[in-house]
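Chemist: the sequence and its predicted three-dimensional model are supplied below.
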Amino acid sequence: MAQSRRIEKVAALIRKEMSHLLLTGLRTNLIQSTMITITDVEVSGDLQHCKIFVSIFGDSNHKNTVFSELEASQVFLKGELGRRLQMRRAPEVVFKLDRGMEKGTPVLDLLGQLEDERKAKNLDLTENQD
C-alpha cells in the first residue's frame, strides 16, 4: 500500500516537472509553439522506467514532427528530471502518443447526432398530437 502511494506521488511529481520543462525548459520553437498535454504518467514499481502519455494538438504531420522532437530530447529531459526531483537515479523516460482525444471526438459527434434525432422525434410526436 505504501509502495503504491509513493509511486503515485512520484508520477504526480514527474507530471508536474515535465509539464514545466515542456513549457520553459526546451528551447525548440516547434515544441514551445505547440499545444502538448500530458494525459498520464506511468512509473514502474522500481521507479526506473517512466511512460509519459502526451496528446498533441494539430494535424497528423505536425503531430509526428513534434513527437519525434520530443523523442529526440529524451536524454536532456531525463537529466533535467533527475536534477529537479533529486532522485538517486532518474527514471528512463519514454513518450507515448495518446490518441484518446482523437477517438473521443467521433463519439461525441455521434452522441450529438443521436440527441438531434431524439429532439426531432419528440417534435414530430407533439405536432401529431395537436
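Modeler: Yep, it's here. Numbering: from 1, shown residues only.

Chemist: from now on I want contacts and neighbour counts done on CA atoms only, so please keep to that.
Modeler: Will do.

Chemist: got the domain boundaries for the chain?
Modeler: Segmentation of the chain into domains, based on automatic domain parsing, reads 2-98, 100-130.

Chemist: could you single out the most deeply buried of those domains?
Modeler: Of those, the one with the most neighbours on average (mean count of other C-alpha atoms under 10 Å) is domain 2-98, at a mean of 15.

Chemist: now that domain: how far from the chain's centre is it?
Modeler: Counting by C-alpha atoms, centre = their mean, to the nearest Å, domain 2-98 is centred 9 Å from the centre of its parent chain.

Chemist: coming back round to it: between the domains of the chain, which gets the lowest average pLDDT?
Modeler: Of all the domains of the chain, mean pLDDT reaches its minimum on domain 100-130 (a mean of 74).

Chemist: what sits closest to residue 44 if chain neighbours are left out?
Modeler: residue 50 (6.4 Å; C-alpha to C-alpha, 6 or more residues apart in numbering).

Chemist: ok, now which ones touch the residue lying closest to residue 48 once chain neighbours are set aside?
Modeler: By the measure of C-alpha to C-alpha, 6+ apart, the closest residue to residue 48 outside its immediate chain neighbours is residue 91, 4.3 Å from it. For residue 91, the contacting residues are 47-50, 78, 82, by C-alpha atoms under 8 Å, 6 or more residues apart in numbering.
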